[in-house]
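Novice: Could you work out the structure for the sequence below:
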Amino acid sequence: MKALQGVEGRLEWMDRPVPLCDVGQVCIKVAAAGLNRADLLQKAGLYPPPPGASDTLGLECAGVIAEVGPGSAWQVGDRVCALLAGGGMAEDVVVDARHVLPVPERLSLAEAAALPEVYATAWLNLFRLGALQPGEKVLLHAGASGVGSAAIQLCKAFGNPCWVSVGSAERLAYCESLGAQGGALRDENLDDLRDFGPFDMILDPVGGNYAALNLDLLARDGRWVNIGLMGGRKAELDLALLLGKRVQLIGSTLRNRDDQYKAELIGELRRNVWPLFDEGRLQPRLEKRFPAKDADAAFDALASNRIAGKVVLVLDETLA
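Specialist: Residues are numbered from 1 along each chain as shown. Model prediction:
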């Protein structure tokens, strides 16, 4: 099979053996795979896959089940999407059957490929780690990103007013169309966020240069969940303020969590989030789709920081 690799900063389609399907696993014929910033980092050689995971790019995909290992309730031919530690940008992928979700009835496989990673990330950090309660106020940095788009919709669905920081007025309007109350532009004055706070929770993929502001914006007993380092890995904090406000600072990653943790997380998504797609209360935010031959253009589009929502790479046009 063909599989997309990051080789010394470039993309290369390589021949790989079709993976074997073992007990408790399924093999998916991949229609499309979602792109994430982790793929950009892995391509650049900065984010290797966890031990035992495929070195093929791709943390989420959608397709049709081609083979079912013993112990799985899935059936050959089921339309599914999956959360992966790697391997999604290939013609076939084998995955723990517990990390697989049905494709919501109204959605195409290309749309479904844009769901697992961002909704798993948003749910994990807002509700499982962030312990968000109805009515609590949320600040989402990089609100127009794939995770931000999912988080805004989840906040709206579960009764949490949210605000965003974004890079342009157009992206702010996009976030407001999804349900954000408002926000501020990072190239103007993020101090304007003080007009909307204090916030009970902040979801932050930026890190370093937002750290002091986050601490200032949080309410007493606020939770600050850091999921990325786009703004640097070091910061100076007033720990007296952290203590005085009783702030919880939580570092979070998803890719390197164990299979059981991911299975429990996927189970929560299936019970609490997936029905909202069938009801039309959540929508995939597929901004651009690219054929496999244009993988470089797809990665460039995501790296441009001008995408609102998700980019998807289509591997099989007959399915997607």
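Novice: Report the contact partners of residue 299.
Specialist: Contacts for residue 299 (Cβ atoms under 8 Å, 6 or more residues apart in numbering) come out as 11, 35, 39, 40, 43. In this view, the C-beta of every residue, glycine as well, is placed from N, C-alpha and C.
Novice: Chain neighbours aside, what residue packs nearest to the last one?
Specialist: Distances taken as Cβ to Cβ, 6 or more residues apart in numbering place residue 6 nearest to residue 43, at 3.5 Å, with adjacent residues excluded.
Novice: Validate this expectation: that neighbour resides in a strand.
Specialist: Yes: Residue 6 forms part of a strand when assessed by DSSP: H, G, I helix; E, B strand; the rest coil.
Novice: Out of the contacts of residue 299, name the ones that lie in strands.
Specialist: residue 11 (DSSP state E).
Novice: Now do the contacts for residue 277.
Specialist: 104, 106, 107, 283.
Novice: I'd like the mean pLDDT over stretch 172-191, please.
Specialist: Stretch 172-191 shows an average pLDDT of 93 in the prediction.
Novice: From start to finish, how long is it in a straight line?
Specialist: Stretch 172-191 has its terminal residues 16 Å apart, counting by Cα to Cα, to the nearest Å.
Novice: Give me the contacts around it.
Specialist: If you take Cβ under 8 Å, 6+ apart as the criterion, stretch 172-191 is touched by 140, 143-144, 148-149, 152-153, 155-156, 161-169, 192-193, 196, 210, 213, 285, 308-309.
Novice: Report the buried members of the residues you listed.
Specialist: 140, 143-144, 148-149, 152-153, 155-156, 161-168, 193, 196, 210, 213, 285, 308-309 (16 or more other Cβ atoms under 10 Å).
Novice: any idea of the pLDDT on the residue positioned nearest the centre of the chain?
Specialist: Nearest residue to the geometric centre of the chain (Cα atoms, centre = their mean): residue 118, 2.2 Å. With respect to pLDDT, residue 118 scores 97.
Novice: So what touches the one helix or strand it maps to?
Specialist: Secondary structure assignment for residue 118, by DSSP states H and E: helix 116-123. Applying Cβ under 8 Å, 6+ apart, the contact partners of helix 116-123 are 34, 36, 59-61, 81-84, 101, 146-147, 149-151, 154, 203, 227, 254, 262, 265-266, 268-269, 272-273, 310.
Novice: Quick one: residues contacting the residue sitting furthest away from the middle of the chain.
Specialist: Distance from the C-alpha centroid of the chain peaks at residue 240, with 32.9 Å (Cα atoms, centre = their mean). Applying Cβ under 8 Å, 6+ apart, we find residue 240 in contact with no residue.
Novice: Backbone torsions only: list them for it.
Specialist: phi -60, psi -40 (degrees, to the nearest 10).
Novice: so what's residue 81 bridging to?
Specialist: Counting by DSSP bridges, residue 81 is bridged to residue 62, residue 101.
Novice: Tell me the pLDDT of it.
Specialist: 98.
Novice: Near residue 187, how many other residues are there?
Specialist: Using other Cβ atoms under 10 Å, the number of residues around residue 187 comes to 9.
Novice: Also residue 222?
Specialist: Counted by other Cβ under 10 Å, the residues lying close to residue 222 total 25.
Novice: Wasn't it part of a helix?
Specialist: No: looking at residue 222 with three-state DSSP, it is strand, so not inside a helix.
Novice: any idea how this structure splits into domains?
Specialist: Domains of the chain are assigned by automatic domain parsing as 2-115+275-314, 118-251.
Novice: what number of residues lie near residue 198?
Specialist: 15.
Novice: Hmm, I typed the wrong one, I wanted residue 74.
Specialist: Neighbours of residue 74 under the rule other Cβ under 10 Å: 17.
Novice: Now it: which helix or strand?
Specialist: Under the criterion of DSSP H and E, residue 74 resides outside all helices and strands.
Novice: Report the buried residues of the helix or strand harbouring residue 183.
Specialist: Here residue 183 sits within strand 182-185, counting by DSSP H and E. Going by neighbour count (16+ other Cβ under 10 Å), the buried part of strand 182-185 is 183, 184, 185.
Novice: List the beta-bridge partners for the second one.
Specialist: What it means is residue 184. Those that pair with residue 184 in a beta bridge, by DSSP bridges, are residue 165.
Novice: With residue 90 instead?
Specialist: Bridge pairing for residue 90 - DSSP bridges - gives residue 3.
Novice: With distance to residue 49 added, can I get the buried residues of strand 182-185 in CSV?
Specialist: Shown next, in CSV, are the buried residues of strand 182-185 (distance: Cβ to Cβ, whole Å):
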residue, distance to residue 49
183, 34
184, 36
185, 35
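Novice: could you dump stretch 52-65 to CSV, C-alpha only?
Specialist: Listed in CSV are the C-alpha atoms of stretch 52-65, where the atom choice follows Å, rounded to 0.1, in the frame of the first residue of the first chain:
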residue,chain,number,x,y,z
GLY,A,52,4.9,1.1,18.7
ALA,A,53,2.9,3.6,16.6
SER,A,54,3.1,3.8,12.9
ASP,A,55,5.6,6.3,11.5
THR,A,56,3.1,7.1,8.7
LEU,A,57,1.5,10.5,9.1
GLY,A,58,-2.1,11.0,10.1
LEU,A,59,-3.8,11.0,13.5
GLU,A,60,-7.4,10.6,12.3
CYS,A,61,-9.1,9.0,9.2
ALA,A,62,-12.4,7.9,7.9
GLY,A,63,-13.2,5.0,5.6
VAL,A,64,-14.8,1.6,5.3
ILE,A,65,-14.0,-1.4,7.4
